[in-house]
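J.: what follows is a predicted protein model with its sequence.
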Amino acid sequence: MSVTPEKKAPGVRVSGLSVVYRTPAGELPAISGIDLELVSGTITGVVGESGSGKSTLALSLLNAVQSPGRISAGSVEIDGLGDVVRLRGEELRKARGRHIGYVFQAAQNSLNPLKTVGKQLLDLGRSHDVADLRGLVRDAKDLLGRMGMDGARVLDSHQHELSGGMRQRVGIMLALVLNAHLVVLDEPTTALDMITQATILRIVREVHQERGLTTLVITHDLGVVAEVADRLAVMYGGQVVEQGPTMEVLSAPRHPYTQGLLRAIPRLLGDIDEARALPGRPPTLGTIPAQGCVFRERCVLRMDVCETERPPVVVSGTSIVACHAVEAGAGAAAGDRPAAPAPVEVPEVVGAQSATGVHEGRGEQP
Ligand SMILES: Nc1ncnc2c1ncn2[C@@H]1O[C@H](COP(=O)(O)OP(=O)(O)OP(=O)(O)O)[C@@H](O)[C@H]1O
């Protein structure tokens, strides 16, 4: 298959995507049957608790799921590249970096400690047949300068000479410098202080607009998506349970899980007791229910059908929610509706508090 990438923000359509990991108990699904569209030129945020499958989804966009994992079903159609799940070898290597830029979790620790950043930049350029290496260095300095750093100094530095926030910005520079038009950022601001986090989110937004990108931001922090994302997808137990325009989802969440996540965020103003942690724990690979609704164990709207049937997808405008109770409520007369919790406020502070409490990054690299 020949790859003829378009040099403009590509649209991405993820359809029926499932990934399994091999375990002593057999192959178990980490994500199953995911449908998600990244609209050309927009920023999509994917949010969910640790283990919900966010990083696995991000890796799938690059066809970079490593053994013991594998994509077991579905497709990832990227405009100009086709179905990435079918790409192999050199085509796949070229697609990554050149057409799909990415910063993976723990990017802060993924630089080569023995080489300067500049040397690694040149290696990257050569491996992608960049003819104008001077131009590449110029672009890198420019990007680093935009992110508030002295580009020349950073390129001359080794990893240990840079702070965590600086390394994170170097990671973002390396994701953008080959001029990819689809960019995947997995936890771009985790482990950064609030000021650095706000700076990085502003840069992500600015560069996205200036360069005309399609961007996917993976995070466990609802404050981060509220800050940068045009659209939001909420993951739980390896499935997307709600998606739609960010402000719509945050101001009128319909899935009980999204409602629970929002309630768990303490406010700057107001009574701290009003923040209510979502009771229970998210499922692990071995405990994701094989049938029915993956969220039912923690759900206040649980019904009998949730035990056996995967929730139907309820579409309303450009928002989608997968929930039996929402479907029943939407279809029933007002008096018969399940008692949906009241709407919740949009988070006020960027990253003031993780939506999900503790975050456990593993720092896997493709
Ligand atoms: N290499 C692996 N081998 C076995 N199981 C894995 C592997 N990588 C991920 N998993 C499992 O797959 C599920 C999804 O993990 P994933 O890392 O995609 O979630 P996540 O939402 O990104 O979590 P986090 O925010 O902690 O990174 C989890 O149950 C995880 O334990």
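T.: Nice, I can see it. Just so we're clear, the structure is a prediction, and the values are computed from it rather than from any experiment.
J.: tell me where the model's unsure across the protein.
T.: 1-7, 105-109, 266-275, 330-366 (pLDDT under 70).
J.: strands of that one, residue ranges please.
T.: Ranges of strands in the chain, per DSSP state E, are 12-23, 26-38, 43-47, 69-78, 82-83, 100-103, 182-186, 214-219, 231-236, 239-245, 313-316, 319-322.
J.: as TSV, the ones you listed with mean neighbour count and distance to Lys54 would be great.
T.: Heads up, the C-betas are built off the backbone N, CA and C, glycines and all. Listed next are these as TSV, based on neighbours: other C-beta atoms under 10 Å; distance: least, C-beta to C-beta, whole Å:
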stretch	mean neighbour count	distance to Lys54
strand 12-23	18	12
strand 26-38	19	9
strand 43-47	26	5
strand 69-78	18	14
strand 82-83	17	21
strand 100-103	26	13
strand 182-186	26	7
strand 214-219	26	5
strand 231-236	26	6
strand 239-245	23	10
strand 313-316	14	20
strand 319-322	22	17
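J.: mind checking these for the one nearest to His208?
T.: Closest approach to His208 among the strands of the chain is made by strand 214-219 (4.9 Å; C-beta to C-beta).
J.: sheet partners, orientation included, of that closest one?
T.: Its sheet considered, strand 214-219 pairs with strand 43-47 (parallel), strand 182-186 (parallel) by DSSP bridges.
J.: give me the contacts around stretch 294-311.
T.: Around stretch 294-311, the neighbours that count as contacts under C-beta atoms under 8 Å, 6 or more residues apart in numbering are 33, 236-239, 241, 255-257, 260, 278-280, 283, 288-289, 291-293, 322-325, 327-328, 338-341.
J.: quick check, that stretch touching the ligand?
T.: No. Under the criterion of C-beta under 6 Å from any ligand atom, the ligand is not reached by stretch 294-311; the shortest gap measures 11.8 Å.
J.: would you mind measuring the gap between the ends of that stretch?
T.: 9 Å (C-alpha to C-alpha, to the nearest Å).
J.: and the gap between the residue nearest the centre of the chain and the ligand?
T.: In the chain, the centroid-proximal residue (C-alpha atoms, centre = their mean) is Ile218; its distance is 2.0 Å. For Ile218, the distance to the ligand equals 7 Å [C-beta to the nearest ligand atom, to the nearest Å].
J.: ok, now which ones touch Val46?
T.: Residues near Val46 by C-beta under 8 Å, 6+ apart: 54, 57-58, 216-219, 232-233, 235.
J.: please state the offset of stretch 119-135 from the chain centre?
T.: Relative to the centre of its chain, stretch 119-135 is centred 28 Å away, using C-alpha atoms, centre = their mean, to the nearest Å.
J.: and what of stretch 93-101?
T.: Distance of stretch 93-101 from the chain centroid (C-alpha atoms, centre = their mean) equals 18 Å.
J.: quick one: the helices in the stretch 251-366 of the chain, in order.
T.: Assigned helices in the stretch 251-366 of the chain, in chain order: 256-263, 324-331 (criterion: DSSP state H, counting those that start in this stretch).
J.: circling back to that earlier point, figure out which of the strands paired with strand 214-219 is closest to the ligand.
T.: For the strands paired with strand 214-219, proximity to the ligand was assessed by C-beta to the nearest ligand atom; strand 182-186 is nearest, at 7.5 Å.
J.: run through who's touching that closest one.
T.: Residues contacting strand 182-186 (C-beta under 8 Å, 6+ apart): 9-10, 12, 38, 54-55, 58, 61-62, 78, 99-105, 172, 175-176, 204, 208, 213-218.
J.: re the thing from before, may I see the PyMOL selection of the buried members of the contacts of stretch 294-311?
T.: Here is the PyMOL command that selects the buried residues among these (16 or more other C-beta atoms under 10 Å):
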select buried, resi 33+236+237+238+239+241+255+256+257+260+278+283+288+289+292+293+322+323+324+325+327+328+338+340
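J.: list the contacts for the nearest residue to Leu122 once chain neighbours are set aside?
T.: In space, Leu122 comes closest to Leu133 once its chain neighbours are excluded; the distance is 6.0 Å by C-beta to C-beta, 6 or more residues apart in numbering. Taking C-beta under 8 Å, 6+ apart, we find Leu133 in contact with 122, 125-126.
J.: one more: Ile71?
T.: Applying C-beta under 8 Å, 6+ apart, we find Ile71 in contact with 17-19, 60, 63, 65, 85.
J.: buried ones in stretch 57-71?
T.: So for stretch 57-71, counting by 16+ other C-beta under 10 Å, buried means 57-65, 69, 71.
J.: then stretch 118-127?
T.: Buried, per 16+ other C-beta under 10 Å, within stretch 118-127: 118, 120-122, 124-125.
J.: just those: which are in helices?
T.: 118, 120-122, 124-125 (DSSP state H).
J.: what's the neighbour count on the residue in the stretch 201-350 of the chain that the ligand sits nearest to?
T.: As assessed by C-beta to the nearest ligand atom, the ligand sits closest to Leu285 within the stretch 201-350 of the chain, at 3.8 Å. The local packing of Leu285 (other C-beta atoms under 10 Å) involves 16 other residues.
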